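K.L.:
Okay, sequence plus prediction incoming.
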Amino acid sequence: MAHQLNPKQQEAVNTVEHPLLVLAGAGSGKTSVITTKIVHLITQCGYKASQIAAVTFTNKAAREMKARVSSLLGGRNSRGLIVSTFHNLGLNIIRKEHKALNFKSNFTIFDDQDTLTLIRDLCNKNADADKSELIAFQQKISNWKNDLKSPQQIINEATNQDDLAAAKLYEAYDRSMRAYNAVDFDDLIRYPVELFRANPDILEKWQNKIRYLLVDEYQDTNTCQYELVKLICGRYGLFTVVGDDDQSIYSWRGAQPENLALLQDDYPNLRVVKLEQNYRSYGRILKAANEVISNNPHVFEKSLWSDKIYGDEIKILATDDDINEAERIANELLAHKLRSATAYSDYAILYRGNHQSRFMEKALIEKQIPYKVSGSTSFFSRTEIKDIMAYMRILVNPDDDNAFLRIVNVPRREIGPTTLEKLGLYAQKRHISLYDACFELGLKEELHAKGYAAIERFSKLIARTEDNVKRGDAMAVIHELLGYIGYHGFLYDNSSSTKAAEYRWSNVQQLLEWIEREYTNAEEDNDDNPLARAINKLMLREMLDRNEEEAEANEVQLMTLHASKGLEFNHVYLVGMEEELLPHRSSIEEDNIEEERRLAYVGITRAQKTLTMSYARQRKRYGEVVDTEPSRFLFEMPQEDLMWEEQQMPQTEEERQEKGRKNMDALRAMLS
Ligand SMILES: Nc1ncnc2c1ncn2[C@@H]1O[C@H](COP(=O)(O)OP(=O)(O)OP(=O)(O)O)[C@@H](O)[C@H]1O
Ligand SMILES: [Mg+2]
């Protein structure tokens, strides 16, 4: 299965003494270079596997890479090889260096929802306050962290009252996170960077450990991640990074394609290798992709060619509405499968936003087509999973107030909002966590007897369980806890049907299995807090991806365009090709079409053999049915390679002119 590398790829693999950037378009074998290079370093250059770290973008990609390396190494040892995401690498560093960072070993990871709750509390807003303002704050804080700015710096830089207020909020946020013994996703990168900057000895230790670093999807690293790369690689810059500026799709997380250019400044001895042969897609698909992306301005000129066959025309389905679109796609897929004797796993359905999967799933279920939705949030954003995770989090870190609030009344314990408010005030006054406040004598005087009794029952239950976890078989204790609180029955009382309840309960079982597996691993590593380690790992959604791995059976893959990065499928369906969906409305408003075009480029280049696209003429948006327009990107593709199911017949004169203008623009762009 190992293929012969072309000379350029070989050059990239052999360049070991210089920092190296591989800059190349989709499907040109960048990831293959990384995999082969790891093997080369171990077998030809005297590196131990444990001295090499490779950073990928998703856990799924990390797993695939690890498996690939192991198989290429044959019998040789790949023990200690680090292949992980930036966040997992950061988590590892924090875990090992938590003392220097002033965290307790049982620190928790807050997800976006947790941090939003915290921000809401800090702003003194109630639960149904307008979210958009809070999200804006959340985004601001995230940006500051990614730019490695401390709260103090931001406060000093503030020039008006609004800025100052936001800066103060950042400071309060930071303090609270410390108090909770918690970190957020941005901290997973920021803290290692701060740690390394402040402690040369710790940095040296890590530099000695990681002797060679490889980074995939480099175009999506942000300032903070780049800083981490620079610190780990030190002066000599023993690294290989590979990327494609045309696939940069995370600007909203602070990714800067300019980092590609920065490398040259920071490492004057940088070597650059460009790859130009695409090994993935049939000619027509590659041509369409190239033409769409040629509408973006380019810093780095690239040209991709393929010696594969030209392939079928790209089909464009015109459908009535979202439901019809889903049914049509399911039918098309089934018909294609019957005609060409393929497996379900040869197919992927890609979309712009997670919400688009709903109708798709329904249609697939009706046709009994096995499928798998992969993505970063679906499983872990389920209520039952969040509930159980909150129980787990409070067991490993009782100071986690968000977890406390999530489950204090789940299942119902008759603890009313007034009681909670008083508890909150009390804890705030005393600068302690909600959980600790439960045990203070002073609290009793503040609460009604009934409220206090309920709080006491709850806190004692947690204390008892925590104690039992420490003493013995944590998993048995957890199962017992769920039995005791009657979570199973609670699900039945709170689900729309028995079937829904069963499904939710099976999710809980699934989660417990994952926890158990991680717990056992941690125990085998003699971790002094195995449950904490297991829960933290889960918080990083790693288990969700593992679920995908198990399911890599014979199933159609459903995912967002963002999640599809780096992957490839024989037959790709790109749905919802409409204005305001792809390109997304917010990007149109912000005049950020280029990023949307890159997203379309990522989608198109996932396809190996066939590509089908669809749009709906009407779609439900925020509860309202609206008329839609086919995406401008459809008109940017070479029209001779498309097979429109329906001739585009604009209705009014105005529409006709608009269409004509679009077509002309597209044509001009193609010719230029
Ligand atoms: N020299 C080669 N000969 C034959 N096939 C190759 C060669 N190099 C890579 N491939 C195959 O081409 C496909 C694309 O490779 P790979 O995923 O490494 O590309 P990539 O540049 O990382 O793509 P993306 O930009 O989408 O991440 C894979 O199926 C890979 O096995
Ligand atoms: Mg790749």
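P.N.:
Okay, I see it. Ligands and ions are numbered 1, 2, ... in the order given.
K.L.:
hmm, the lengthiest strand in the chain in reach of ligand 1?
P.N.:
When the chain is parsed with DSSP state E, its longest strand is strand 607-616. No - remark: strand 607-616 sits outside contact range of ligand 1, by C-beta under 6 Å from any ligand atom, the gap being at least 7.9 Å. For the C-beta atoms, the positions are set from N, CA and C on the backbone; glycine is no exception.
K.L.:
Can you give the strand pairings for that strand, parallel or anti for each?
P.N.:
Using DSSP bridges, the strands paired with strand 607-616 are strand 314-319 (parallel), strand 569-574 (parallel).
K.L.:
Could I get the average pLDDT for it?
P.N.:
Here strand 607-616 scores 97 as its mean pLDDT.
K.L.:
helix or strand right after it?
P.N.:
strand 618-621 (DSSP states H and E).
K.L.:
for the residue of the stretch 201-350 of the chain at minimum distance from ligand 2, what are its contacts?
P.N.:
Distances between the stretch 201-350 of the chain and ligand 2 by C-beta to the ion are smallest at D216, namely 5.8 Å. Applying C-beta atoms under 8 Å, 6 or more residues apart in numbering to D216 gives the contacts K30, T31, I34, A54, V55, T56, F57, A61, M65, V242, G243, G566.
K.L.:
now those as TSV including secondary structure, neighbour count and pLDDT?
P.N.:
As requested, the contacts of D216 are exported to TSV (DSSP: H, G, I helix; E, B strand; the rest coil; neighbours: other C-beta atoms under 10 Å; pLDDT from 0 to 100):
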residue	secondary structure	neighbour count	pLDDT
K30	helix	26	96
T31	helix	22	96
I34	helix	25	97
A54	strand	25	97
V55	strand	28	96
T56	strand	24	92
F57	coil	21	83
A61	helix	21	85
M65	helix	22	92
V242	strand	26	96
G243	strand	23	93
G566	coil	20	92
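K.L.:
Of all pairs in those, which one is the farthest apart?
P.N.:
M65 and G243 (15.6 Å; C-beta to C-beta).
K.L.:
Mind jotting down where the helices sit in the stretch 451-600 of the chain?
P.N.:
Ranges of helices within the stretch 451-600 of the chain are 474-485, 487-493, 498-524, 530-539, 542-550, 585-589, 593-604, based on DSSP state H, counting those that start in this stretch.
K.L.:
Columns mean neighbour count, distance to Y426 and mean pLDDT on top of those, output as CSV?
P.N.:
Output for these, formatted as CSV (neighbours: other C-beta atoms under 10 Å; distance: least, C-beta to C-beta, whole Å; pLDDT from 0 to 100):
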stretch, mean neighbour count, distance to Y426, mean pLDDT
helix 474-485, 16, 25, 94
helix 487-493, 16, 28, 90
helix 498-524, 15, 32, 86
helix 530-539, 23, 27, 86
helix 542-550, 17, 36, 50
helix 585-589, 13, 42, 90
helix 593-604, 23, 47, 96
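K.L.:
so can I have a markdown table of those helices showing distance to ligand 1?
P.N.:
Output for the helices of the stretch 451-600 of the chain, formatted as a markdown table (distance: least, C-beta to the nearest ligand atom, whole Å):
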| stretch | distance to ligand 1 |
| --- | --- |
| helix 474-485 | 39 |
| helix 487-493 | 41 |
| helix 498-524 | 28 |
| helix 530-539 | 26 |
| helix 542-550 | 17 |
| helix 585-589 | 22 |
| helix 593-604 | 8 |
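K.L.:
Ligand 2: which of those helices is closest?
P.N.:
Nearest to ligand 2, of these and by C-beta to the ion, is helix 593-604 at 10.7 Å.
K.L.:
what residues does the closest one touch?
P.N.:
The contact list for helix 593-604 (C-beta under 8 Å, 6+ apart) reads 26, 246-249, 251, 285, 288-289, 292-293, 295-297, 350, 352, 561-562, 564-565, 572, 574, 582-584, 587, 611, 631, 633, 636.
K.L.:
can you do 7 Å?
P.N.:
Contacts to helix 593-604, defined as C-beta atoms under 7 Å, 6 or more residues apart in numbering, come from residues 246-249, 251, 285, 288-289, 292-293, 295-296, 350, 561, 564-565, 574, 582-584, 587, 611, 633.
K.L.:
Then stretch 435-443?
P.N.:
Against stretch 435-443 from outside (C-beta under 7 Å, 6+ apart): P398, D399, F404, L423, Y426, A427, R430, Y452, I455, E456, S459, I462.
K.L.:
Would you mark the buried spots in that stretch?
P.N.:
By 16 or more other C-beta atoms under 10 Å, the buried positions in stretch 435-443 come out as Y435, A437, C438, L443.
K.L.:
picking that back up, distance-wise, check the residue of the stretch 201-350 of the chain closest to ligand 2 relative to K362.
P.N.:
35 Å (C-beta to C-beta, to the nearest Å).
K.L.:
Can you pull the residues of the stretch 451-600 of the chain lying near ligand 2?
P.N.:
G566 (C-beta under 5 Å from the ion).
K.L.:
Pick out the residue of the stretch 451-600 of the chain closest to ligand 1.
P.N.:
With C-beta to the nearest ligand atom as the measure, G566 is the residue of the stretch 451-600 of the chain nearest to ligand 1, at 4.2 Å.
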